[in-house]
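K.L.:
take a look and give me a structure for this.
(2 chains)
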There are 2 protein chains.
Amino acid sequence: MKRDKEVPVPVLRRMPSYLSFVKTLQKQGEKYVSSTRIAEYMDIDSTQVTKDLSHTGITGKTRVGYEVDSFVKILEDFLGFSKVDCAFLVGAGSLGSALLQDKGLSAFGLSIEAAFDVDKAKVGTKVNDIEIFHIDQFRAMAAERNVVIGIITVPAEHAQNVADLMVAWGIKAIWNFTPARIKVPSHIVVQNTTIYMNLAILFNKLYNQE
Amino acid sequence: MKRDKEVPVPVLRRMPSYLSFVKTLQKQGEKYVSSTRIAEYMDIDSTQVTKDLSHTGITGKTRVGYEVDSFVKILEDFLGFSKVDCAFLVGAGSLGSALLQDKGLSAFGLSIEAAFDVDKAKVGTKVNDIEIFHIDQFRAMAAERNVVIGIITVPAEHAQNVADLMVAWGIKAIWNFTPARIKVPSHIVVQNTTIYMNLAILFNKLYNQE
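P.N.:
This next block holds a predicted model:
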């Protein structure tokens, strides 16, 4: 995960699809993949593919392309999927519990170590073997375990509050699953993921076709 | 959900945040909200807010702005959140089960009515009261219940296969949660949501700060 500068977000959006495609080829026993073939799969120009991949430092062979096994390894390293980071999740409601259920996250480098809530009925229970603690324990536990990634899955109206607490408690990167826009100091990384936003886009496209 | 033309995706991406903000104000008992206030919350220009909202047909009052209650109603209708659409989900693995767990989806207009898998051990079981059927039953059930939205949560290498089947079986909109890029006829709506992609972006920002 060491490189010179931040990679543009559109590049980072395409890379997991490159990786997914090449992993499928790997399962099928293929040894090499060309940028042209990746470009066809992605429906983009092959110069875009080679330009994107140049960020990772991977080198291909003339005529045959990239070696599949090393492609997978280099991209997994580059995207941060090969090293597991620990995270704490705040808000063990419906969406939070769903995320705790998703065993797939760890394959992408994220392990949710503990969940937190204010609801005393939830404190002490477990979801997918991950314990739910009272929010008051977040600060001490984050410091003790050196956790720097916080996931917010509380109702939208509490998102800013939780973000403020996380920043005060030493969190460096916040993964915000609420539709709320949170304001944090500039050195804090925020990534917004609102699956419901995607639903609005899907509905709009669907109902404008009929 | 009736309007003249497709709304640009960036507008649809902002709207759930507008709605979320105004719903919070509604809970706090506020009656009116100005475009300036929404713009400050979003960190964008207020002309952008009024331009975005013009798609919905909402009208504000001079000086006081939009009426909060009708703002919430109009945006929920506009985004398709107030009318519940039924969907079938294929792939009752970790991510699929997580989505089935998320009771929040129905508040945004989507009800997952049934799940499908090829794993015989899963068929007949339930997740969050939603029954898992064998994939062979998809076609007949979709026709019977007139379901037009399909959700794909299978391993990436099977995504195209499942998409092809869904199209053959009458699905009109596909919500693809895998990192695979699926190819479908142009009249089929596809919305890609890869939460792991967002994770790659978060890791990249985090590790370039240190």
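
K.L.:
list the contacts for the closest residue to A:V154 other than its chain neighbours?
P.N.:
Once flanking residues are discounted, A:V154 sits nearest to A:G91: 3.5 Å by C-beta to C-beta, 6 or more residues apart in numbering or on different chains. Bear in mind the C-beta positions are built from the backbone N, C-alpha and C, glycine included. Counting by C-beta atoms under 8 Å, 6 or more residues apart in numbering or on different chains, A:G91 touches A:A115, A:F116, A:D117, A:I152, A:T153, A:V154, A:P155, A:H158, A:V162.

K.L.:
now with 7 Å, please.
P.N.:
A:D117, A:I152, A:T153, A:V154 (C-beta atoms under 7 Å, 6 or more residues apart in numbering or on different chains).

K.L.:
any chance of these in a markdown table, plus neighbour count, pLDDT and distance to A:E144?
P.N.:
Output for the contacts of A:G91, formatted as a markdown table (neighbours: other C-beta atoms under 10 Å in any protein chain shown; pLDDT from 0 to 100; distance: C-beta to C-beta, whole Å):
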| residue | neighbour count | pLDDT | distance to A:E144 |
| --- | --- | --- | --- |
| A:D117 | 21 | 98 | 19 |
| A:I152 | 27 | 97 | 21 |
| A:T153 | 26 | 95 | 22 |
| A:V154 | 26 | 95 | 23 |
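
K.L.:
for the residues you listed, which one is nearest chain B?
P.N.:
Set against chain B, the nearest of the contacts of A:G91 by C-beta to the nearest C-beta is A:T153 (9.4 Å).

K.L.:
hang on, the earlier thing: what is the most widely separated pair among the contacts of A:G91?
P.N.:
A:D117 and A:I152 (12.1 Å; C-beta to C-beta).

K.L.:
care to break chain A down by domain?
P.N.:
A:9-79, A:85-197 (automatic domain parsing).

K.L.:
how long is the last one end to end?
P.N.:
Separation of the first and last residues of domain A:85-197 by C-alpha to C-alpha, to the nearest Å is 27 Å.

K.L.:
now stretch A:176-195
P.N.:
11 Å.

K.L.:
chain center to that stretch, what's the gap?
P.N.:
13 Å (C-alpha atoms, centre = their mean, to the nearest Å).

K.L.:
now it: average pLDDT?
P.N.:
Mean pLDDT, computed over stretch A:176-195, is 93.

K.L.:
which other residues reach it?
P.N.:
A:95, A:151-154, A:156, A:159-160, A:163, A:167, A:172-175, A:196-197, B:16-17, B:20, B:41-42, B:193, B:195, B:198, B:201-202, B:205-206, B:209.

K.L.:
pretty sure A:R14 sits against A:L53.
P.N.:
No - if you go by C-beta atoms under 7 Å, A:R14 and A:L53 don't touch, sitting 9.8 Å apart.
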